[in-house]
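**Student:** Give me a model of this one.
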Amino acid sequence: MSEAEVEVRSGATRQCVLELYTSDGCSSCPPAERFISNLKSQVGVTILSFHVDYWDYLGWPDAYGSVTFSSRQRDIVQWTRQRSCYTPQILVDMKDTPSWRKLRAQDLSANRPAASVDIVLTRKGAAIDATVTPKGGAPTRLAAYWAVTQNNLTQDIKKGENRGLKLSHDFVVRQYAPVAEFRGTQKTSLNVLADLMKDGCIANLVVFDPATGVPLQALGVNIDAKPY
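**Tutor:** Coordinates of the predicted model:
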C-alpha cells in the first residue's frame, strides 16, 4: 500500500520558535524540561530541545547530547552577545529568556508579526521537500535548518548530578541538518532517519536571518510510519 502525500503551508504570521539548551547531566535542567512538556498543546509555537554535550564530564553522558548542538549554542552566544553558554537556556525567537518560569503559554503565540517568508512542506514517507519563498520585508540573505524532534522519551540516570532520577523529555532534536545561505526562492529536502519514522516525531524547517539568527518562519509536519 502506497503512502499518501501530505502538504502543509505556513501561515500569515510568524511562528514563535522556542529553543531549549539542556543536558541530562545538569541538575538545573529538569524544571525547564517540564516547562516545555507543558506546552505540547500550544499552537503557533515550534519547540526545539537541543541536548548539549559539554556537561558529560560530570559523570553522565547525555544519550541525546551532541557536539553539534553545543556548537550551535556557541554561535548563539555570538549572535546575542552573551558572555557564555549555560543550561538550562531558553530562547524565544533568539532572545535569551532567563525568566522563562514567568512565561505564559498563550503569550508565546499572541500578537505575532506578519511573516516575511512562506514555507510549504510536502512529505511522502521519509522524504520531505520544502519550498521557501521570501516576501516583502525579508532580508536579502536567508538561511535555514531542519530539526526532527521526538516526544515521550525517558532516561534512567545512574550517575552525575541527576543520579537516581527518571527524566522525561519532549521535543528532543534527534536529527539536525543546516541549509546553506540562499537568496530568493529556495527548494530543500530531508530524508527522515528510519528510527524517527514513528508517532511523536515532527520534522521542522526553521528559516532565519543569518546576520542575527532570528527566526523568520517555521513549519513542521508530523511523522508516522502508518500507511494510508
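
**Student:** Now the longest strand anywhere in the chain: buried residues?
**Tutor:** Counting residues, the longest strand found in the chain (DSSP state E) is strand 172-182. For strand 172-182, a neighbour-count test (16 or more other C-beta atoms under 10 Å) marks Val172, Val173, Arg174, Gln175, Tyr176, Val179, Phe182 as buried. The way it works is simple: take the backbone N, C-alpha and C, and place the C-beta from them, glycine included.

**Student:** do the same with stretch 55-69
**Tutor:** Neighbour-count burial for stretch 55-69, with 16+ other C-beta under 10 Å as criterion, is recorded at Trp55, Asp56, Leu58, Trp60, Asp62, Tyr64, Gly65, Ser66, Phe69.

**Student:** same deal with stretch 101-121?
**Tutor:** Buried-residue list, stretch 101-121, by 16+ other C-beta under 10 Å: Leu108, Arg112, Ala115, Ser116, Val117, Asp118, Ile119, Val120, Leu121.

**Student:** Mind checking which of those residues are in helices?
**Tutor:** Among the buried residues of stretch 101-121, the members found in helices (DSSP state H) are Leu108.

**Student:** can I get the buried residues of stretch 101-121 in TSV with distance to Leu167?
**Tutor:** As requested, the buried residues of stretch 101-121 are exported to TSV (distance: C-beta to C-beta, whole Å):
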residue	distance to Leu167
Leu108	24
Arg112	32
Ala115	35
Ser116	38
Val117	35
Asp118	38
Ile119	32
Val120	36
Leu121	31
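
**Student:** between the buried residues of stretch 101-121, which is closest to Lys135?
**Tutor:** Taking C-beta to C-beta as the measure, Lys135 sits nearest to Ser116 out of the buried residues of stretch 101-121, at 5.3 Å.

**Student:** In this structure that closest one contacts Gly137, no?
**Tutor:** Yes. At 4.2 Å, Ser116 counts as touching Gly137 under the criterion of C-beta atoms under 8 Å.

**Student:** what separates Ser49 from Gly65, distance-wise?
**Tutor:** Here Ser49 is placed at a distance of 11 Å from Gly65 (C-beta to C-beta, to the nearest Å).

**Student:** Actually, Ile119.
**Tutor:** Between Ile119 and Gly65 the computed distance is 29 Å (C-beta to C-beta).

**Student:** Kindly report the same for Val43.
**Tutor:** For Val43, the distance to Gly65 equals 29 Å [C-beta to C-beta].

**Student:** picking that back up, can I get the buried residues of strand 172-182 in TSV with pLDDT and distance to Asp75?
**Tutor:** Shown next, in TSV, are these (pLDDT from 0 to 100; distance: C-beta to C-beta, whole Å):
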residue	pLDDT	distance to Asp75
Val172	98	20
Val173	98	15
Arg174	98	20
Gln175	98	19
Tyr176	98	13
Val179	98	15
Phe182	97	18
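
**Student:** and the two most separated of the residues you listed?
**Tutor:** The widest separation within the buried residues of strand 172-182 (C-beta to C-beta) is 27.7 Å, between Val172 and Phe182.

**Student:** Let me see the mean pLDDT of the longest helix along the chain.
**Tutor:** Determined from DSSP H, the single longest helix within the chain is helix 67-80. The average pLDDT within helix 67-80 is 95.
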